[in-house]
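K.L.:
build the 3D model from these lines:
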Amino acid sequence: MTLSTIQAEEVLTLDTPATMSPIESTNPLLRSWHSEPFHLPPFKSIEPGHFIPAFEVAMKSHLSDLQTIATSPDNTFDSILGAYDQAGSLLSRISSVYGNYTSSLNTPEMQEVQTKMAPILSRHNSSTYDVPGLFEKIEAMNDVREEMLAKGEWNAEQARLAERVYVKFVRMGAKLDDVAKAEYADIQAELASKQTKFMQNVLKDEEEWELVLTAEDMIGCPTDVIAAARQAALDRNKTEPSDAHVITLGRSMVEPFLSYASRRDLRQKVFEAFSKRGELSPDRDNKKIAIETLRLRRRQAEIHNKNSFADYQFEDTMAQTPENAVKLLSDVWAKAKDAANREREMLEAFLTEQGETVEGGIQPWDWRYYAEKVRVAKFDFNENEMKPYFSLDAVTTAVFDVSSKLFGLKYTKRPDIVAYHPDVNVYEVRRDKKDGEGDELVAIFLHDNYARPYKSEYRTQKKNLAPGTDPIEAIPIVSNNNNFSKGSEHTLLSFDDGVTLFHEMGHGHHGMLSDATYEYLASTSVLKDFVELPSQLMEHWLSEPEVLKKHAKHYQTGKVVPDDLIKRFKSAELFNEGFATIEYTSCALLDIALHSLSEYGEDFDLGKFEKEYLEEQGMPQGIIMRHRLPHFLHLFASSSYASGYYVYMWAQVLDNDCFAAFTETGDVFDKETAERCRKCIYSTGNTVAPDLLFRMFRGRDPKVEFMLKNRGLIE
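P.N.:
Numbering: from 1, shown residues only. Next up is the predicted model:
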């Protein structure tokens, strides 16, 4: 069977010889990685052309594993669920590399592979839930889980695995009749293609659009923003004008430009391009793709006898129903509107005091600019004062130190290990053994910090290894991907960039500290409205005076950030939180409303729906959604966060409450609290239901007041 036939027909059963073929012996994705340090992928040998033939072999191997389970006369836990957890290990290994490449090294060649593979991988995934005899065995395991747990023949993690695997099979259509299963698989494949195209269209807009400026055009911008724009011009080989600077559509470049560039016309030009990603070119019409995606999701929900896709998505979450999430969001929305309107009044008062007027009033391309002016005038604080103390090196050292104090992790850089790009740093992560006899390897950590024109976990922690497997395979390989604008000599971060780095390390901890037996339940494989808790919880430590005084050091002089600057920073910390909360909450509310519709007619207009919904909600003048629908990757680049963008706010309720557990002790590094946090938040994965985990940590259900107070929405 030829590769072209596979691509055309999306065939899943491939005619691959039982013995190793020439492709298998030469393809680095299929060869043993045992000669690589820590069994890391052989990055220097992997090329885009290796993925499709590797996937062919891996998909066949996966189906073979599942067929063995389904036809085995042995019906024990280990032969069914234990084996299911191990099935498809080759596919998982290749998919982890593939997923990271498509997000971090997504060259045109990788995009071509991604376009071809999206429907094929989707159909393969659908087929894994329709192996004859497999679901019957999974269902039988679920039927006896409570009995086996009560008898003591299974432990709680085994019972949880039985439940979660069964739920996944049902949600993937295992109980449907053959006709419905076929349609469901078609829908999933079509969604995979559309979601891939949606993402690539946004990436293409970000790659192609640029605003070439002179040094004079950059007036008002701080030196690090100017340096980043100059570096972008050099990277793009811009020689005209001789002092060329380039503004791209990366958020880490756009937001500082909007905050400081004096020329309003240039701010407007950058803002309008940034807000119209996904619709900048008629050849890349993401509005059409989004509407087609919504119709497919509606049919998907209908097959499951749900009134809307939102109802289907919320069924397997902590929130349980769209109404519960909307209740939280609406409460925050009302308070945030009041705060944002007060902030706009402050901006307008500043303009009056300065004798300035802006045509049309405060517009979205003005808000950040005048907010910075007010921050200086009212709080005597300019964020640029902090940037020299927030070099990427300093913030990285800080997050490693916080990680060490909380969880005892130690990071050793391995410059000898080659990753997929020269900018990626590789670290060994170790901790002291419990018996005090030396230390032990916990994880391998890949830190990828810079935005690139084409911009997970490689291996998940587990103990359920097949006999004869090298124990190193139980050690997770965790990757953090950031998108900071690279400076010409030093990369200086804004405070928000620093928060992002801490946030991503929270996800990293979720992978590194995982302590589950079964890979299916390990690490970040949790309900989606819990998955952001570990990441958002980590954010809190960056602004702690103890951390700032130790690590916020001037990148040139090495002097520690002055106490007076920290005091002024703290006094201004909550200013503009109304704006930020509106930016986010409008997205979350619109997401649920959009996916709650029962139909999307031929005349459905995505832009009109967005505009009318926000008007109905009373969107404050001068603010727009953080992610407009044509480039809302969370919603339309995959289905994971569709009708699920609320999870960040849901997790904020949890993370603010959890951090209060530390502050209530009087020590944000309290060892007993940190150990309880490790066990309940970072290590347990999905082995225990998330609402129970929170109660194990706090001894009660979460309270929303901590979040509201920390956002300045209540006194």
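K.L.:
pull out the buried positions in stretch 506-518.
P.N.:
506, 507, 508, 509, 510, 511, 512, 513, 514, 516, 517, 518 (16 or more other CB atoms under 10 Å). Heads up, the C-betas are built off the backbone N, CA and C, glycines and all.
K.L.:
one more: stretch 593-610?
P.N.:
593, 594, 595, 596, 597, 600, 606, 609, 610.
K.L.:
between the two ends of that stretch, what distance do you get?
P.N.:
Counting by CA to CA, to the nearest Å, you get 10 Å between the two ends of stretch 593-610.
K.L.:
show the average pLDDT along it.
P.N.:
The average of the pLDDT scores along stretch 593-610 is 96.
K.L.:
ok, residues contacting it?
P.N.:
With contact meaning CB atoms under 8 Å, 6 or more residues apart in numbering, stretch 593-610 is reached by 287, 290-291, 294-295, 297-298, 307-311, 313, 322, 590, 613, 625, 628-630, 635, 642-643.
K.L.:
buried members of those into PyMOL, please.
P.N.:
In PyMOL, a selection of the buried entries from the contacts of stretch 593-610 looks like this (16+ other CB under 10 Å):
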select buried, resi 290+291+294+295+297+298+308+309+310+311+313+322+590+625+628+629+630+635+642+643
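K.L.:
now, among the buried residues of stretch 593-610, which is nearest to residue 261?
P.N.:
Taking CB to CB as the measure, residue 261 sits nearest to residue 610 out of these, at 27.0 Å.
K.L.:
ok, longest strand in this protein?
P.N.:
Looking across the chain with DSSP state E, the single longest strand is strand 439-450.
K.L.:
what's the spacing between stretch 550-562 and its chain's center?
P.N.:
Centroid separation between stretch 550-562 and its chain, computed with CA atoms, centre = their mean, to the nearest Å, is 31 Å.
K.L.:
picking that back up, of the buried residues of stretch 593-610, closest to residue 683?
P.N.:
Compare each of those with residue 683 using CB to CB and the shortest gap goes to residue 595, at 32.9 Å.
K.L.:
what backbone torsions are found at the residue nearest to that closest one when sequence neighbours are not counted?
P.N.:
The shortest distance from residue 595 to any non-neighbouring residue, by CB to CB, 6 or more residues apart in numbering, is to residue 643 (3.8 Å). Reported as degrees, to the nearest 10, the phi and psi values for residue 643 are phi 60, psi 30.
K.L.:
from residue 691, how far out is residue 643?
P.N.:
20 Å (CB to CB, to the nearest Å).
K.L.:
and residue 482, helix, strand or coil?
P.N.:
Following DSSP: H, G, I helix; E, B strand; the rest coil, the label given to residue 482 is strand.
K.L.:
count of residues packed around it?
P.N.:
19 (other CB atoms under 10 Å).
K.L.:
output the lowest mean pLDDT helix or strand found in this structure.
P.N.:
Lowest by mean pLDDT, DSSP states H and E among the helices and strands of the chain is helix 3-9, with a mean of 29.
K.L.:
which helix is the longest one in this structure?
P.N.:
helix 322-354 (DSSP state H).
K.L.:
next structured bit after it?
P.N.:
Next in sequence after helix 322-354, counting helices and strands by DSSP states H and E, comes helix 364-379.
K.L.:
and the helix or strand just after that following helix, how far from the chain's centre?
P.N.:
Per DSSP H and E, the first helix or strand lying C-terminal to helix 364-379 is helix 383-386. Relative to its chain's centre, helix 383-386 lies at 27 Å (CA atoms, centre = their mean).
K.L.:
which of the three states applies to residue 421?
P.N.:
Using three-state DSSP, the three-state assignment for residue 421 comes out as coil.
K.L.:
that older thread, from the buried residues of stretch 506-518, which is closest to residue 566?
P.N.:
Closest to residue 566, out of all of those and judged by CB to CB, is residue 506, at 22.9 Å.
K.L.:
secondary structure element for that closest one, which one?
P.N.:
Using DSSP H and E, the element containing residue 506 is helix 495-512.
K.L.:
avg pLDDT for that helix?
P.N.:
For helix 495-512, mean pLDDT is 94.
K.L.:
which helices and strands sit right next to it?
P.N.:
Judged by 3 or more CB pairs under 8 Å, 6 or more residues apart in numbering; DSSP states H and E, helix 495-512 is in contact with helix 392-407, strand 439-450, strand 477-484, helix 533-539.
K.L.:
any idea how far the nearest residue to residue 661 once chain neighbours are set aside is from residue 635?
P.N.:
The spatially closest residue to residue 661, leaving aside those adjacent along the chain, is residue 673, at 5.5 Å (CB to CB, 6+ apart). For residue 673, the distance to residue 635 equals 36 Å [CB to CB].
K.L.:
quick revisit: the buried residues of stretch 593-610 in helices, which ones?
P.N.:
If you go by DSSP H, these have 593, 594, 595, 606, 609, 610 in helices.
K.L.:
and the third one, how far from residue 126?
P.N.:
In this view, residue 595 and residue 126 are 21 Å apart by CB to CB.
K.L.:
next one: the second one
P.N.:
Between residue 594 and residue 126 the computed distance is 25 Å (CB to CB).
K.L.:
what does the fifth one give?
P.N.:
Applying CB to CB, the value for residue 609 to residue 126 is 30 Å.
K.L.:
which of the ones in helices among the buried residues of stretch 593-610 sits closest to residue 394?
P.N.:
Of all those, residue 610 has the smallest distance to residue 394: 40.1 Å, by CB to CB.
K.L.:
what does residue 212 show for phi and psi?
P.N.:
According to degrees, to the nearest 10, residue 212 has phi -90, psi 120.
K.L.:
how about the helices in the stretch 501-650 of the chain?
P.N.:
Using DSSP state H, counting those that start in this stretch, the helices of the stretch 501-650 of the chain run over residues 533-539, 545-551, 563-571, 577-595, 606-617, 633-636, 647-663.
K.L.:
please work out which of those is packed deepest.
P.N.:
Most buried of the helices of the stretch 501-650 of the chain by mean neighbour count (mean count of other CB atoms under 10 Å) is helix 533-539; its value is a mean of 25.
K.L.:
can I get that helix in CSV? Just the C-alpha atoms.
P.N.:
Output in CSV follows, covering the C-alpha atoms of helix 533-539 (Å, rounded to 0.1, in the frame of the first residue of the first chain):
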residue,chain,number,x,y,z
LEU,A,533,-4.7,25.4,39.2
PRO,A,534,-1.1,24.2,39.4
SER,A,535,0.0,26.8,36.9
GLN,A,536,-1.9,29.8,38.2
LEU,A,537,-0.9,28.9,41.8
MET,A,538,2.8,29.3,40.9
GLU,A,539,2.2,32.8,39.7
